[in-house]
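J.: what's the 3D shape of this:
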Amino acid sequence: FRRVLFRSYQEFSGGIFDEAIEYALYAFDTCGLPNNPNTSPSDTVHKTMFLTGESDACSRTITLNWNAYEGWDDGVGSYELYVSKDGGEEFYLEEIAASESIYTHDSLEANAIYCYRIVARNSGNSFSSSSNRICITMLVPKLPEYHYLSKVTVNDNNEVELTCYVDNKAAITHYTINRSERVSSGFEEIDQINTPTDSILEFTDKDVNPSAGIYYYKIVAFDECGFAVNESNISSNIRVVVQNYDAELKNVLFWNPYIDWDTLGSGVAYYNIYNGYDAYNLSSNPIAVVGAENISYEDFMGDDDPVKGQVCYVVEAVESEGNLFNFKETSRSNVFCVDVDPLYYIASAFTPNGDLKNEIFKPSFLFVSDLDYEFAVYSRFGGLIFKTTNPQEGWDGGDNPVGVYNYILSYTAANKKIVKKTGAVTLIR
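T.: Numbers count the residues shown, from 1 in each chain. Coordinates of the predicted model:
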């Protein structure tokens, strides 16, 4: 205890309180001083309030605990809670019933500093007592600084591949892959992926058919509390369809524009068009390059087209310069193949006389496959004179005399059926 010669007393602790403190008042007379004074019975013992608190990052709350004030004859009437934020002015927050000693402050701002004290008032509201003051930082999991779906493309297996640039230093436990057939609504979670060790998250969607539809994707990040804290931009695959116009010797391509390189960049720079005679034999160089404003293209077919009963196309979007993360991605569409009916012409006569004009008898073809191709020439009596399986090879007449000869032409059409044509040709010297 301390001996006090005044009617008031203030104890200085340097601002450090680690427990509730009890105080009692005794009166001392002058007899027996200094070693054996006479004292009065103690007054009522008063016990201060000791305030503690704890934050919960997931609920964004701070829970305060304190012991009840003790010592007033009429007891505690109520408690008052005072708070300040980020070093600002303290303000009254709420009155708390005398029977309570726990309070939860909710809806707090991330990473803000909150300071609290509790004031007890007696039932007659004539006395008050303040607790110690505590300050708590409302720490929350680190949010991602970036989260960017950089590419959606169709691979060689007709699956949709996603690439997302993520902040792997953020407090993220996993990502969900969400898909919809509409750009603005109807997204459903299709898979979850743990946070990658590097900054690139990749996913392949094998449960769709990009030749038949357009699929929109977004990736959602979840923090350590299980909350969805960040959504990526939305992007989709490119779907190309082709309309064949046999009579005009052309195919017309239509596709949807690629989205969304505009979010952190300058959008699509241009589209490359590739073709080939099947999905695995496409041209290494584009047959055409069209501007970003185009979503269709007319391909006029000719002798040099790689057509063997069908022709296949792919559209590739190329990103413009200026992406915030210095990406320059590409996105490929599905492969779309159309059947092309062969066009042919067979002369009724030829003149293998050495004048280098009309020397060879063979069908002239466009878009014929060498699969099951056969061309044979027979005498009038049915004897085989010439036969080939090479569409580029013809009959030069040999030593055969002038006259009429029969031929049989067979090949596989675009519908996979064998077509046979017969006719006659006159050999003239």
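J.: Now Glu248: phi and psi?
T.: Glu248 adopts backbone torsions of phi -100, psi 0, taken as degrees, to the nearest 10.
J.: if I pick it, what's in contact with it?
T.: By Cβ atoms under 8 Å, 6 or more residues apart in numbering, the contact set of Glu248 is Phe300. Using the backbone N, CA and C atoms, a C-beta is placed for each residue, glycine as well.
J.: Tell me how far it lies from Pro363.
T.: Using Cβ to Cβ, to the nearest Å, Glu248 is found at 22 Å from Pro363.
J.: can you check Arg60 too?
T.: 80 Å.
J.: The stretch 201-350 of the chain: helices as residue ranges?
T.: With DSSP state H, counting those that start in this stretch as the definition, the stretch 201-350 of the chain shows no helices.
J.: where does it dip in pLDDT?
T.: Filtered on pLDDT under 70, the stretch 201-350 of the chain yields the residue ranges 302-309.
J.: change it to 90
T.: Counting by pLDDT under 90, the stretch 201-350 of the chain shows low-confidence ranges at 225, 244-250, 260, 262-266, 276-284, 300-311, 338-345.
J.: hey, where'd the strands end up in it?
T.: For the stretch 201-350 of the chain, the strands defined by DSSP state E, counting those that start in this stretch occupy 216-223, 228-231, 235-236, 240-245, 250-255, 268-276, 288-291, 296-300, 310-319, 330-332, 336-339, 343-345, 349-350.
J.: Now the second one: buried residues?
T.: Applying a neighbour-count criterion of 16 or more other Cβ atoms under 10 Å, one finds Val229, Asn230 buried in strand 228-231.
J.: List the strands paired with it, with their directions.
T.: Looking at strand 228-231 with DSSP bridges, its partner strands are strand 216-223 (antiparallel).
J.: Give me the distance from the partner strand to the chain's centre.
T.: Per Cα atoms, centre = their mean, to the nearest Å, the displacement of strand 216-223 from the mean C-alpha position of its chain is 6 Å.
J.: and if you look at stretch 346-362?
T.: Centre-to-centre, stretch 346-362 and its host chain are 63 Å apart (Cα atoms, centre = their mean).
J.: quick one, what contacts Thr44?
T.: Applying Cβ under 8 Å, 6+ apart to Thr44 gives the contacts Ala24, Gly71, Asp73.
J.: Could you verify that it is part of a helix?
T.: No - going by DSSP: H, G, I helix; E, B strand; the rest coil, the assignment for Thr44 is coil, not a helix.
J.: State the distance from it to Asn125.
T.: Thr44 sits 18 Å away from Asn125, going by Cβ to Cβ.
J.: do Gln310 as well
T.: Distance from Gln310 to Asn125, by Cβ to Cβ: 93 Å.
J.: Which one's more surrounded, those two?
T.: Taking neighbours as other Cβ atoms under 10 Å, Gln310 and Asn125 compare with Gln310 leading, 17 against 10.
J.: pretty sure the more buried one is touching Val335, no?
T.: No - if you go by Cβ atoms under 8 Å, Gln310 and Val335 don't touch, sitting 11.0 Å apart.
J.: which residues of the stretch 1-150 of the chain fall in strands?
T.: 22-23, 46-47, 51-56, 61-66, 76-85, 91-97, 102-105, 113-122, 128-130, 134-137, 147-154.
J.: could the ones you listed be laid out in a markdown table, adding mean pLDDT and distance to Ser236?
T.: Formatted as a markdown table, the strands of the stretch 1-150 of the chain follow (pLDDT from 0 to 100; distance: least, Cβ to Cβ, whole Å):
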| stretch | mean pLDDT | distance to Ser236 |
| --- | --- | --- |
| strand 22-23 | 86 | 71 |
| strand 46-47 | 93 | 67 |
| strand 51-56 | 96 | 39 |
| strand 61-66 | 98 | 40 |
| strand 76-85 | 98 | 44 |
| strand 91-97 | 97 | 49 |
| strand 102-105 | 98 | 44 |
| strand 113-122 | 97 | 44 |
| strand 128-130 | 96 | 61 |
| strand 134-137 | 97 | 42 |
| strand 147-154 | 96 | 6 |
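J.: Since that was my last question, I'll sign off now.
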